[in-house]
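[1] the sequence isn't on hand, but the structure is:
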């Protein structure tokens, strides 16, 4: 842009209301030519961007207003630089809660907002955990980066099991332990189950991911025995263009060369990032929730339906399938566990406890995270 000035202002309207105003003054690039031919596109893009921003802000403010009687909490978050942690922390702090980060790096300056740990060395600063209200434990090696060779699989397992066990055992020896531990888990707990409807009461499956998830959740036992409320949040495919599965899908789909994977009949259980963050906050303030809790939207879909929906949202064709053998050649064992496995999961506990999904369907989730309004 030849000129861009953006003022973002909250104007008070009495004690309980305010108006959010965004004022932008800009000049399109390339002078009159850019204004004439690019002006309509710029206006549409700005309208799309601010519709998204308004939607997020309105929902976040409404959540905080609905819980305005909640006492501020001191909350420790591990995995704070990850996909979920970077979205969760701003929402916690804007609600008046104090966030302490559990970090590995000692290069960071000492701070009351940081607690150091090193699971590989079996070390955590126990003093920094005293007197907390809650812990949200999100740390773990990415399962979708790189092929699953023995070393990668060991890192996936150890980063979850060893870290969780160290944290839980440390909490069990505190004089003033937190009331709540929310520990990330995954719907990989259930394994490949075809079209079977799975709730928190369903048994675990077989294979590498179910084994990891069982050990991961079992590692919370010391905290549970201490009397801490433990929630194992079994998260599905998190929908956001910032990372994860959707970020990898977008380039080919935007180019019009996306398509179903395998036979397309395998179920995908997804959740918009904003709903996952909302579910974590809901779990923090809902004492009745404990044990496994499925973090997915209420309507799982097949890969075929997901593919068609993503194509519709993007306005692109989806006629280039990826055969199962090609997925296995490209991704190895990970293809069978993540791309070809069918996991039809429902969020029974979240729904029963009164959580209101912002985006209860895959189409609503995709339209939100990709900034696409309904036709």
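    Done, it's in. Quantities reported herein were computed from a predicted structural model and do not represent experimental measurements.
[2] now the helices for the stretch 201-350 of the chain?
    With DSSP state H, counting those that start in this stretch applied, the stretch 201-350 of the chain shows helices at 208-218, 221-225, 244-254, 273-284, 303-314, 324-331, 333-334, 348-352, listed in chain order.
[3] deepest of those helices, which one?
    Per-residue neighbour counts averaged over each of the helices of the stretch 201-350 of the chain give the maximum for helix 273-284, namely a mean of 23 (mean count of other Cβ atoms under 10 Å). (Glycine included, C-beta is placed from N, CA and C.)
[4] what angle sits between the longest helix along the chain and helix 273-284?
    Of all the segments of type helix in the chain, defined by DSSP state H, the longest one is helix 31-66. Using axes from the mean of the first three to the mean of the last three Cα atoms, to 10 degrees, the interaxial angle of helix 31-66 with respect to helix 273-284 works out to 20 degrees.
[5] show me what helix 31-66 is packed up against.
    For helix 31-66, the helices and strands in contact under the criterion 3 or more Cβ pairs under 8 Å, 6 or more residues apart in numbering; DSSP states H and E are strand 18-27, helix 85-94, helix 273-284.
[6] of all the helices of the stretch 201-350 of the chain, which lies closest to residue 113?
    In this view, these are compared for proximity to residue 113 by Cβ to Cβ, and helix 273-284 is the closest at 18.5 Å.
[7] what is that closest one packed up against?
    Contact here means 3+ Cβ pairs under 8 Å, 6+ apart; on that basis helix 273-284 packs against helix 31-66, helix 85-94, strand 134-137, strand 180-186, strand 229-235, strand 237-239, strand 291-295, helix 362-369.
[8] just put the ones you listed in TSV and tack on mean neighbour count.
    Rendered in TSV, the data for the helices and strands packed on helix 273-284 read as follows (neighbours: other Cβ atoms under 10 Å):
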stretch	mean neighbour count
helix 31-66	13
helix 85-94	17
strand 134-137	26
strand 180-186	24
strand 229-235	24
strand 237-239	24
strand 291-295	23
helix 362-369	22
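[9] between those, which one is closest to residue 324.
    Ranked by Cβ to Cβ, the member of the helices and strands packed on helix 273-284 that lies closest to residue 324 is strand 237-239, at 18.5 Å.
[10] contact partners of that closest one?
    Defining contact as Cβ atoms under 8 Å, 6 or more residues apart in numbering, one finds that strand 237-239 is touched by 83-84, 244-246, 268-273, 276, 362, 365-366, 369.
[11] go on, stretch 91-105?
    Residues outside stretch 91-105 that contact it (Cβ under 8 Å, 6+ apart): 60, 63-64, 67, 70, 72-78, 80, 89, 112-118, 124, 128, 132, 137, 139, 167, 277, 281.
[12] quick one: mean pLDDT for it?
    Regarding stretch 91-105, the rounded mean pLDDT is 92.
[13] got the buried residues for it?
    Going by neighbour count (16 or more other Cβ atoms under 10 Å), the buried part of stretch 91-105 is 91, 92, 95, 97, 99, 100, 101, 102, 103.
[14] now, which of these sits nearest residue 322?
    For these, the minimum distance to residue 322 (Cβ to Cβ) is 35.6 Å, reached by residue 91.
[15] distance of the closest one from residue 21?
    Taking Cβ to Cβ, to the nearest Å as the criterion, residue 91 is separated from residue 21 by 22 Å.
[16] check residue 103 too.
    Here the criterion is Cβ to Cβ. By it, residue 103 lies 37 Å from residue 21.
[17] ok, residue 268 touching residue 301?
    Yes - under the criterion of Cβ atoms under 8 Å, residue 268 is in contact with residue 301, at a separation of 6.0 Å.
[18] list residues touching both of the two?
    Between them, residue 268 and residue 301 have residue 362 as joint contacts when contacts are counted by Cβ under 8 Å, 6+ apart.
[19] higher neighbour count, those two?
    Remark: of residue 268 and residue 301, residue 268 carries more neighbours, 25 against 19, as counted by other Cβ atoms under 10 Å.
[20] tell me the contacts of the closest residue in space to residue 347 that isn't next to it in sequence?
    Distance criterion Cβ to Cβ, 6 or more residues apart in numbering; nearest residue to residue 347, sequence neighbours excluded, is residue 294 at 4.6 Å. Contacts were defined as Cβ under 8 Å, 6+ apart; by that measure residue 294 touches 187, 198-200, 234, 236, 269, 345-350.
[21] give the bridge partners for residue 294, please.
    With beta bridges defined as DSSP bridges, residue 294 has these partners: residue 234.
[22] rewinding a little: quickly, which of the helices and strands packed on helix 273-284 bottoms out on average pLDDT?
    If the helices and strands packed on helix 273-284 are sorted by mean pLDDT, helix 31-66 sits at the bottom with a mean of 88.
[23] now that helix and helix 362-369, what's the angle there?
    120 degrees.
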